[in-house]
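**Q** Please work out how this folds:
(2 chains)
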Number of protein chains: 2
Amino acid sequence: MIRRILAWLMAIIVASGGAGVHAQTATTPAPVPSPAEIVAAAPAADWIDIAPSDLLVMDLANGKRVVIQLVPPPFSQGWVGNIRKLAAARFWDGTSINRVQDNYVVQWGDANAEDKAKAKRLPEGLAVVPQAAYETAPPADLRKFYETANTADLIANQFRTTTFQDASNYARNENHFRGWLVASDRKTVWPVHCYGMVGVGRDMPPDTGTGAELYTVIGHAPRHLDRNIALVGRVIAGIEHLSSLPRGTGPLGFYEKPEERTAITSVRLGNEIADLPRYQYLSTESDSFARFADARANRRDAFFIQPAGGADICNIPVPVRVKP
Amino acid sequence: MIRRILAWLMAIIVASGGAGVHAQTATTPAPVPSPAEIVAAAPAADWIDIAPSDLLVMDLANGKRVVIQLVPPPFSQGWVGNIRKLAAARFWDGTSINRVQDNYVVQWGDANAEDKAKAKRLPEGLAVVPQAAYETAPPADLRKFYETANTADLIANQFRTTTFQDASNYARNENHFRGWLVASDRKTVWPVHCYGMVGVGRDMPPDTGTGAELYTVIGHAPRHLDRNIALVGRVIAGIEHLSSLPRGTGPLGFYEKPEERTAITSVRLGNEIADLPRYQYLSTESDSFARFADARANRRDAFFIQPAGGADICNIPVPVRVKP
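**A** Residues are numbered from 1 along each chain as shown, chains lettered A, B, ... in the order given. Presented below is the predicted three-dimensional model:
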């Protein structure tokens, strides 16, 4: 990925004849593509199909649909396995969205989970996943990336093209990896809490939750939750049906009255839904993604007068589309 | 502020007898206050009254109220002056919320502004504010802070207590100043686009907007807008009445049908509203704020097993309350 960015930057410098952005010429400058235009122009080969069996489809009683992509190995697979079992057992059918806290999360599951007399029975065989699984050893290609990283700015943070020194307040490295946003201290790696990420509600540690209680982020990235809660996926379609729900007025944004909750009709894996569109994400290892990330960090399209020169990782989300 | 943090950290170290967080003792550890508990315990002297004349009160036709605090000098005062004139002229009465883009902004003003035949007339005497006003020279106290800052981590970033090297991908310095979140390259300083910040819609540069068209952030901080748009305030009450509105389905989240818009009944300065509560913010120069910022960056309350060791500035919002 880094080599591709460097190659692409070199291509830009060569193509521009070395002229700076502010070169005083009489010719009209070529229009600079926006991030959305770069994504729209990405070749078919840069898009990767998402297997329907890696999608969780939540249908709400109000007719709205939310589609979640489950996080792939090596991340959070204990909880992801539980979620597959819960969906197969139809656990969430008839449950509800119980909490909407502004600038924070929407949470759903069994509203009576805390009341043993009324709680829905969990399916057999759910794994009890240890806290240690909040992070994982880097896979070989990612470990190699971290090992070869040095202080050169582009290498310290693949989407940075300026002279700032560090990627984040939250981790030594942050980067895009196999379609996901991850952070690392180089010994371990973990997914990060950006807008739309889906996590596992839990009680006090060492409980890590089963996966029966899920939430998604609907505000500024609550990165302090990284490595404190399991992340199991991200909403790739329909987040607006969650983020626009009325906020709960109880503590933590829980609804105070049962009738305020939005009922969940069903939650199924994508391969059980006949009419589901095919979804794709833009390969984070592609040239198109390198250009997209650079453009997100350095807006040069007509509206912008002052490119930021960098971006935090949550401001470079992975593009997802319905397969054309 | 820095001295206060250092003094407070020293006090903690002394009080704990130098014992580490993981000291193996048989005694029950003292409960660690959460950020909210620190705010709740702040003495009255740490709270600063917000003048009602610095508030903009927007009443919606659905009965909901949104309260905005205008940004103080030296920031964006050309636009703030225009906004005072627009409110005095009752410009926004009968206008509407026209755009709700998920994970981005809610925007309001005259829906017919682009149609000369139908557009509302702007009041006389609005200033044309130059792009240069997107940033400003640091006031003396802030300049002194920047000049004395060195590489020591606490000083490079007042709310950082770990060994990470830099505050942000977006600026050399980021800190809290007189109740606001600002970024700086040390020569100039500017307010930053966090959740709930209010900015001035505009067309292509060098137009900077009058202030008649306003938006607020309802998603992850779009920091690439810093210094590209004027920030004029922040929502301090009622943001949930904006962030939970249905998303627009047109380009950029504009509503496609006029009936989808939420009508604005009136916008007034706070001193014109008889029954307005008195609002206060927690002084960012107080000991309470230093403790709050530290606790936000290093969650030690019972839920957390892994404190982040840092926070981006938008995750340390300035506490605001109704005066008790």
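
**Q** Now for A:F292: which residues touch it?
**A** By C-beta atoms under 8 Å, 6 or more residues apart in numbering or on different chains, the contact set of A:F292 is A:35, A:38-39, A:42, A:282, A:316, A:319. Bear in mind the C-beta positions are built from the backbone N, C-alpha and C, glycine included.

**Q** repeat that for 6 Å
**A** Residues near A:F292 by C-beta atoms under 6 Å, 6 or more residues apart in numbering or on different chains: A:35, A:38-39.

**Q** now, which of those residues sits nearest chain B?
**A** Distance to chain B, by C-beta to the nearest C-beta, is smallest for A:P35 among the contacts of A:F292, at 9.8 Å.

**Q** Switch the contacts of A:F292 over to a markdown table; also include pLDDT.
**A** Below are these laid out as a markdown table (pLDDT from 0 to 100):
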| residue | pLDDT |
| --- | --- |
| A:P35 | 95 |
| A:I38 | 96 |
| A:V39 | 98 |
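
**Q** Among these, which are located in helices?
**A** A:35, A:38-39 (DSSP state H).

**Q** From these, list just the buried residues.
**A** Among the ones in helices among the contacts of A:F292, those classed as buried by 16 or more other C-beta atoms under 10 Å in any protein chain shown are A:35, A:38-39.

**Q** Now A:A127: which helix or strand?
**A** Using DSSP states H and E, A:A127 sits within no helix or strand.

**Q** What is the neighbour count of it?
**A** When neighbours are defined as other C-beta atoms under 10 Å in any protein chain shown, A:A127 has 16 of them.

**Q** A:G78 is in contact with that one, correct?
**A** Yes - under the criterion of C-beta atoms under 6 Å, A:A127 makes contact with A:G78 at 4.8 Å.

**Q** got a list of what the nearest residue to A:P52 once chain neighbours are set aside touches?
**A** Using C-beta to C-beta, 6 or more residues apart in numbering or on different chains and skipping residues adjacent in sequence, the residue nearest A:P52 is A:G270, 3.5 Å away. Going by C-beta under 6 Å, 6+ apart, A:G270 touches A:52, A:55, A:57, A:276.

**Q** Just send those residues back as CSV, with pLDDT, neighbour count and secondary structure too.
**A** Output for the contacts of A:G270, formatted as CSV (pLDDT from 0 to 100; neighbours: other C-beta atoms under 10 Å in any protein chain shown; DSSP: H, G, I helix; E, B strand; the rest coil):
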residue, pLDDT, neighbour count, secondary structure
A:P52, 98, 16, helix
A:L55, 98, 22, strand
A:V57, 98, 21, strand
A:L276, 98, 18, coil
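
**Q** where does the stretch 1-150 of chain A have low pLDDT?
**A** A:1-30, A:148-150 (pLDDT under 70).

**Q** which bits of it sit near chain B?
**A** By C-beta under 6 Å from any C-beta of the partner chain, the residues of the stretch 1-150 of chain A that approach chain B are A:102-103.

**Q** can you do 10 Å?
**A** Residues of the stretch 1-150 of chain A found near chain B (C-beta under 10 Å from any C-beta of the partner chain) are A:35, A:100-104, A:131, A:134-135.

**Q** Inside strands: which ones of these?
**A** With strands defined by DSSP state E, the entries of the residues of the stretch 1-150 of chain A next to chain B inside them are A:V100.

**Q** The residue in the stretch 201-324 of chain A that chain B sits nearest to - nearest residue in space that isn't next to it in sequence?
**A** Of all residues in the stretch 201-324 of chain A, the one sitting closest to chain B is A:G310 (3.2 Å; C-beta to the nearest C-beta). In this structure, A:G310 finds its nearest non-sequential neighbour in B:N169, 3.2 Å apart by C-beta to C-beta, 6+ apart.

**Q** So for the one you found, what's the pLDDT?
**A** Here the pLDDT value assigned to B:N169 is 77.

**Q** wait, is it part of a strand?
**A** No - counting by DSSP: H, G, I helix; E, B strand; the rest coil, B:N169 is not found in a strand; it is coil.

**Q** From B:H224, how far out is it?
**A** According to C-beta to C-beta, to the nearest Å, B:N169 stands 10 Å off from B:H224.

**Q** higher neighbour count, those two?
**A** B:N169 (25 against 22).

**Q** from memory that one sits against A:N315, does it?
**A** Yes - using C-beta atoms under 10 Å, B:N169 is in contact with A:N315, at 8.7 Å.

**Q** can you give me the helices for chain A?
**A** Using DSSP H, helices in chain A cover A:2-15, A:35-40, A:77-88, A:140-148, A:153-156, A:240-243, A:287-297.

**Q** Now for A:K187: which residues touch it?
**A** By C-beta atoms under 10 Å, 6 or more residues apart in numbering or on different chains, A:K187 lies in contact with A:135, A:137-138, A:143, A:146, A:172.

**Q** Show the contacting residues for A:A113.
**A** Contacts of A:A113 by C-beta under 10 Å, 6+ apart are A:95, A:98, A:119-120, A:122, A:201, A:203, A:210, A:212-213.

**Q** what about A:S76, how many residues close to it?
**A** 27.

**Q** quick one: it and A:P130 touch, right?
**A** No - counting by C-beta under 10 Å, A:S76 sits too far from A:P130 to count as a contact (11.9 Å).

**Q** Just grab the bridge partners of A:N173 for me.
**A** Beta-bridge partners of A:N173, counted by DSSP bridges, are A:S184.

**Q** which residues in chain A form strands?
**A** A:47-49, A:55-60, A:65-70, A:96-100, A:105-109, A:173-177, A:180-184, A:189-191, A:197-200, A:214-217, A:231-237, A:262-269, A:279-282, A:320-322.

**Q** Check which residues of the last one are buried.
**A** It stands for strand A:320-322. Neighbour counts over strand A:320-322 (16+ other C-beta under 10 Å) mark A:320-321 as buried.

**Q** partners of that strand in the sheet?
**A** In the sheet, strand A:320-322 lines up with strand A:279-282 (antiparallel) (DSSP bridges).

**Q** re earlier: adding distance to B:D185 as columns, could you present the contacts of A:F292 in CSV?
**A** Output for the contacts of A:F292, formatted as CSV (distance: C-beta to C-beta, whole Å):
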residue, distance to B:D185
A:P35, 24
A:I38, 28
A:V39, 31
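
**Q** A:V217: which of these is nearest?
**A** A:P35 (20.9 Å; C-beta to C-beta).

**Q** How about that closest one: what's its closest non-neighbour residue?
**A** A:A295 is the one closest to A:P35 (C-beta to C-beta, 6+ apart), at 4.5 Å.

**Q** if I read this right, that neighbour contacts A:A308, doesn't it?
**A** No - look at A:A295 against A:A308 with C-beta under 10 Å: they stay out of range, at 11.2 Å.

**Q** What's the ChimeraX line that selects buried ones from the contacts of A:A113?
**A** Only the buried entries of the contacts of A:A113 go into this ChimeraX selection, using 16+ other C-beta under 10 Å:
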select /A:95,98,120,122,201,210,212,213
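
**Q** Can you tell me which of the contacts of A:A113 is closest to B:R261?
**A** A:N98 (30.3 Å).

**Q** Report how many residues lie close to the nearest residue to the closest one once chain neighbours are set aside.
**A** Nearest residue to A:N98 in three dimensions, chain neighbours excluded: A:A111, at 4.8 Å (C-beta to C-beta, 6+ apart). Using other C-beta under 10 Å, A:A111 has 19 neighbouring residues.

**Q** and A:A111, what does it touch?
**A** A:95-99, A:118-120, A:254-255, A:258, A:261.

**Q** Now tabulate the residues you listed in JSON lines and tack on distance to B:V66.
**A** JSON lines is the format used below for these (distance: C-beta to C-beta, whole Å):
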{"residue": "A:T95", "distance to B:V66": "33"}
{"residue": "A:S96", "distance to B:V66": "28"}
{"residue": "A:I97", "distance to B:V66": "24"}
{"residue": "A:N98", "distance to B:V66": "26"}
{"residue": "A:R99", "distance to B:V66": "23"}
{"residue": "A:K118", "distance to B:V66": "38"}
{"residue": "A:A119", "distance to B:V66": "39"}
{"residue": "A:K120", "distance to B:V66": "39"}
{"residue": "A:F254", "distance to B:V66": "23"}
{"residue": "A:Y255", "distance to B:V66": "22"}
{"residue": "A:P258", "distance to B:V66": "28"}
{"residue": "A:R261", "distance to B:V66": "26"}
